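Novice: Quick one: sequence and predicted model below, then my questions.
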Protein chains: 2
Amino acid sequence: MTLVLTSNEIKKCVQLNGQLIPIIEDAFKSLALGKTTMPPILRLDIEKYHGESDVKAAYIDGLDSYAIKVASGFFNNPNLGLPSSNGLMILLDSKTGMLKSVLLDKGYLTDVRTAIAGAIAAKHLSNPESSNVGIIGAGVQAKMQLEALLLVRNIKTAYIWSRDSKKTNTFVQNIKDKINIKIIECESPEQTVNLSEILITCTPSKSPIIKSEWLKKGLHITAMGSDAEMKNELDPKIIKDCDYYIPDSQSQTSILGELNHAIKAGLVSAEKKYNELGSVIINSNLGRRNINDVTVADLTGTGVQDTAIARHTYKISADKGFGIMIE
Amino acid sequence: MTLVLTSNEIKKCVQLNGQLIPIIEDAFKSLALGKTTMPPILRLDIEKYHGESDVKAAYIDGLDSYAIKVASGFFNNPNLGLPSSNGLMILLDSKTGMLKSVLLDKGYLTDVRTAIAGAIAAKHLSNPESSNVGIIGAGVQAKMQLEALLLVRNIKTAYIWSRDSKKTNTFVQNIKDKINIKIIECESPEQTVNLSEILITCTPSKSPIIKSEWLKKGLHITAMGSDAEMKNELDPKIIKDCDYYIPDSQSQTSILGELNHAIKAGLVSAEKKYNELGSVIINSNLGRRNINDVTVADLTGTGVQDTAIARHTYKISADKGFGIMIE
């Protein structure tokens, strides 16, 4: 029997809150300790419609279930009045491969676990007293990354910039009522960096937005927009110039993340091994050592996060008696 | 809205019959013509439980939907009284990526499209007057391959051999009532080859069962057991010695199929290009030219077959009003 869960049921079970932080931290720890099996992402491009489906999967040693996740992005959808993101997760029994659950979350759980990863990166890498954040981007993740950051840092002001000033303005108006901090629209990405102690980039940009010469002492950057070969938000020199570069999964960021571009530009060696986010969670000495250090977290999104959040959602949903059992 | 279909509903809509042959032939033709996008298979191994999940996906140009398929094999399951195979297919809209359907087929559609591919290989590669088939293996596919072959060849006698003579005997007794041809148990794979004009190998063997020196004039072999790096049913020399070697997808068979072992043994060059099954369907001159030719079809299972059968199943199911619509 398979438990089929709707997106409404899933949203009732899982919200963006601090409860998820240790759950996703544990997933990153398992990944860093090599206690996972996480194959390369399957990616199907449908160029004609400017669309793609990605499949991620991961088994975490000792857990009784694992997830396979399909996430689609179709970038003409907004013109059709549809969200560009979509997807579902499936949860399988680790011992038998039997299908335990189909989570028809339409991409919601991916959004949540991505935002939580941003919070985890800021928690372990940014200066604890940081109170100003810069957000580059004005999409769904811009809002969720900001909300997630509030779970781990006492943020007073958020500075927002995106390429589309109209979109930025609408975004700022929308979140002003919902998030009880100062929200200020910036005129340029440079101004945003200048005003921020933490910078979160969440755009689908294919060319660098943040220049290396803008880096300032103590800055922490979470770059979470790049999850494909061509995407790139940071000047590749930043990867070389920062004090600590921390990938979620180096095997992914070297192909899909900011690291990919730094390697291609010949600025860092493809052989160089970095400590991953999970290692920094386990041992804080592997991250920021000094208030002036510049840290960069490169997040491409990992299958272990999907397995962690799918398991959590399934457990809560089953406890609440949600969903339909299908033979 | 997503149409969720159960395995019982799916079995009512799709059976192993001749109607499926042109549907799967069209999929192979699109693949051979380069009119598809088919990424490499994602494979997640769960070694502790002798299990694996494979994900296949393919978009066929011009079609309004595409499938992503998860197939799991857990080889301790029979000891637990469970089938070793399991899975589901999902169907997505090609223009928007929206989830059209979740097909909870438990691997049934994979079994069917695999058997139909065997029938297609025999239809286009074996001598038309072949009346004797040898089957190596006594599992689900052994039965389905035999049934599918009867759709395209006037078979009088099937010769069966598997490693486990008890299992072979049970298999023979079970199908004798269901399939109205002579079914004879063989003592050895060599004897099976000797008595056959068409040979179908459908085992999970990791070392060659069929020796090159047993090859005889006019024989057609469909090797469909190998779908992973370590699996191997045919002496690699057979790939070199046969007159026509025809992969379903050379990019897959060179990694996962019989071709993989012939390349590793240095018997054929990794650079050599073979005509694929789809090309032979389009142009019969690319296959058998002579009654004495020895032909080998190497089937690893392709995403285009999954997309074709998932689309077909969805259409029939929707027409019949089957399934549950879920928001």
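Specialist: Thanks, I have the structure now. All of these numbers come straight from a predicted model, not from anything done at the bench. Numbering: from 1, shown residues only, chains lettered A, B, ... in the order given.
Novice: got a list of what A:Glu276 touches?
Specialist: Neighbouring residues of A:Glu276 by Cβ atoms under 8 Å, 6 or more residues apart in numbering or on different chains: A:Phe28, A:Leu31, A:Ala32, A:Ile246, A:Pro247, A:Asp248, A:Ser249, A:Gln250. In this view, the C-beta of every residue, glycine as well, is placed from N, C-alpha and C.
Novice: What of A:Ile135?
Specialist: Per Cβ under 8 Å, 6+ apart, neighbours of A:Ile135: A:Ala142, A:Gln145, A:Leu146, A:Ala158, A:Tyr159, A:Ile160, A:Trp161, A:Thr192, A:Leu199, A:Ile200, A:Cys202.
Novice: Now the closest residue to A:Val152 other than its chain neighbours: which helix or strand?
Specialist: For A:Val152, ignoring the flanking residues on the chain, the nearest one in space by Cβ to Cβ, 6 or more residues apart in numbering or on different chains is A:Lys123 at 4.0 Å. In the assignment (DSSP states H and E), A:Lys123 maps to helix A:108-125.
Novice: what's the following helix or strand after that helix?
Specialist: Going down the chain from helix A:108-125, the next helix or strand is strand A:132-136, by DSSP H and E.
Novice: List the strands paired with that next one, with their directions.
Specialist: Using DSSP bridges, the strands paired with strand A:132-136 are strand A:157-161 (parallel), strand A:198-201 (parallel).
Novice: With mean pLDDT and mean neighbour count as added columns, please give these in a markdown table.
Specialist: Formatted as a markdown table, the strands paired with strand A:132-136 follow (pLDDT from 0 to 100; neighbours: other Cβ atoms under 10 Å in any protein chain shown):
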| stretch | mean pLDDT | mean neighbour count |
| --- | --- | --- |
| strand A:157-161 | 98 | 22 |
| strand A:198-201 | 98 | 28 |
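Novice: In a markdown table, list those along with distance to A:Ile116.
Specialist: Below are the strands paired with strand A:132-136 laid out as a markdown table (distance: least, Cβ to Cβ, whole Å):
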| stretch | distance to A:Ile116 |
| --- | --- |
| strand A:157-161 | 18 |
| strand A:198-201 | 13 |
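Novice: picking up where we left off before, can you tell me how far the residue nearest to A:Val152 sits from chain B?
Specialist: Taking Cβ to the nearest Cβ, to the nearest Å as the measure, A:Lys123 falls 29 Å from chain B.
Novice: okay, the angle between the helix holding A:Lys123 and strand A:132-136?
Specialist: Using axes from the mean of the first three to the mean of the last three Cα atoms, to 10 degrees, the inter-axis angle of helix A:108-125 relative to strand A:132-136 is 140 degrees.
Novice: Mind exporting the C-alpha coordinates of helix A:108-125 to PDB?
Specialist: Provided in PDB are the C-alpha atoms of helix A:108-125 (Å, rounded to 0.1, in the frame of the first residue of the first chain):
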ATOM      1  CA  TYR A 108       7.000  22.900  -2.000                       C
ATOM      2  CA  LEU A 109       9.300  20.600   0.000                       C
ATOM      3  CA  THR A 110      12.200  21.400  -2.300                       C
ATOM      4  CA  ASP A 111      11.600  25.100  -1.700                       C
ATOM      5  CA  VAL A 112      11.500  24.500   2.100                       C
ATOM      6  CA  ARG A 113      14.600  22.200   2.300                       C
ATOM      7  CA  THR A 114      16.500  24.700   0.100                       C
ATOM      8  CA  ALA A 115      15.700  27.600   2.400                       C
ATOM      9  CA  ILE A 116      16.600  25.600   5.400                       C
ATOM     10  CA  ALA A 117      20.000  24.800   3.900                       C
ATOM     11  CA  GLY A 118      20.500  28.500   3.500                       C
ATOM     12  CA  ALA A 119      19.700  29.000   7.200                       C
ATOM     13  CA  ILE A 120      22.100  26.200   8.100                       C
ATOM     14  CA  ALA A 121      24.900  27.800   6.000                       C
ATOM     15  CA  ALA A 122      24.400  31.200   7.700                       C
ATOM     16  CA  LYS A 123      24.100  29.600  11.200                       C
ATOM     17  CA  HIS A 124      27.500  27.900  10.800                       C
ATOM     18  CA  LEU A 125      29.400  30.300   8.700                       C
END
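Novice: residues near A:Leu151, how many?
Specialist: By the criterion of other Cβ atoms under 10 Å in any protein chain shown, A:Leu151 has 18 neighbours.
Novice: quick one, what contacts it?
Specialist: A:Leu16, A:Asn17, A:Gly18, A:Ile21, A:Ala119.
Novice: Can you give the domain ranges for chain A?
Specialist: Residue ranges for the domains of chain A, per automatic domain parsing: A:2-109+A:304-326, A:127-301.
Novice: Same list (those domains) but as TSV, adding distance to B:Ser269.
Specialist: Shown next, in TSV, are those (distance: least, Cβ to Cβ, whole Å):
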stretch	distance to B:Ser269
domain A:2-109+A:304-326	26
domain A:127-301	29
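Novice: Tell me which of those domains lies nearest to B:Gly107.
Specialist: domain A:2-109+A:304-326 (9.7 Å; Cβ to Cβ).
Novice: which stretches of the stretch 101-250 of chain A form helices?
Specialist: Applying DSSP state H, counting those that start in this stretch to the stretch 101-250 of chain A gives helices spanning A:108-125, A:140-149, A:165-176, A:189-194, A:236-241, A:250-256.
Novice: Tell me where the model's unsure across chain A.
Specialist: For chain A, no stretch has pLDDT under 70.
Novice: For the spatially most central residue of it, which non-adjacent residue is spatially closest?
Specialist: Note on chain A: the residue nearest the mean C-alpha position is A:Thr114, at 3.1 Å, using Cα atoms, centre = their mean. Closest residue in space to A:Thr114, ignoring its immediate chain neighbours: A:Gly301 at 5.9 Å, by Cβ to Cβ, 6+ apart.
Novice: Would you mind confirming that the one you found is in contact with A:Asp248?
Specialist: Yes. Applying Cβ atoms under 8 Å as the test, A:Gly301 and A:Asp248 come out as touching, 7.2 Å apart.
Novice: what about A:Asn285, neighbour count?
Specialist: A:Asn285, neighbours per other Cβ under 10 Å, totals 9.
Novice: cool, and A:Ala115?
Specialist: A:Ala115: 27 neighbours (other Cβ under 10 Å).
Novice: And the one 3 residues further on, by the same measure?
Specialist: By the other Cβ under 10 Å criterion, the neighbourhood of A:Gly118 contains 25 residues.
Novice: Check the one 4 residues further on too.
Specialist: Neighbourhood size, A:Ala122 [other Cβ under 10 Å]: 28.
Novice: what's it in contact with, if anything?
Specialist: Residues near A:Ala122 by Cβ under 8 Å, 6+ apart: A:Ser130, A:Leu149, A:Val152, A:Arg153, A:Ile198, A:Ile200, A:His220, A:Thr222, A:Ala297.
Novice: Return the residues of the stretch 51-200 of chain A in contact with chain B.
Specialist: A:51-53, A:55, A:57-59, A:61, A:66, A:68, A:70, A:72-74, A:76-77, A:80, A:82, A:86-88, A:90, A:92, A:94-99, A:102, A:104, A:106 (Cβ under 8 Å from any Cβ of the partner chain).
Novice: quick one: which of those residues sit in strands?
Specialist: Among those, DSSP state E puts A:51-53, A:55, A:57-59, A:66, A:68, A:70, A:72-74, A:86-88, A:90, A:92, A:99, A:102 in strands.
Novice: Contacts only, for the closest residue in space to A:Ala121 that isn't next to it in sequence.
Specialist: Once flanking residues are discounted, A:Ala121 sits nearest to A:Ala297: 3.6 Å by Cβ to Cβ, 6+ apart. If a contact means Cβ under 8 Å, 6+ apart, then A:Ala297 has A:118, A:121-122, A:125, A:220-224, A:246-248, A:277 as its contacts.
Novice: Mind listing what's buried along stretch A:287-299?
Specialist: A:Gly287, A:Arg288, A:Asp293, A:Val294, A:Thr295, A:Val296, A:Ala297, A:Asp298, A:Leu299 (16 or more other Cβ atoms under 10 Å in any protein chain shown).
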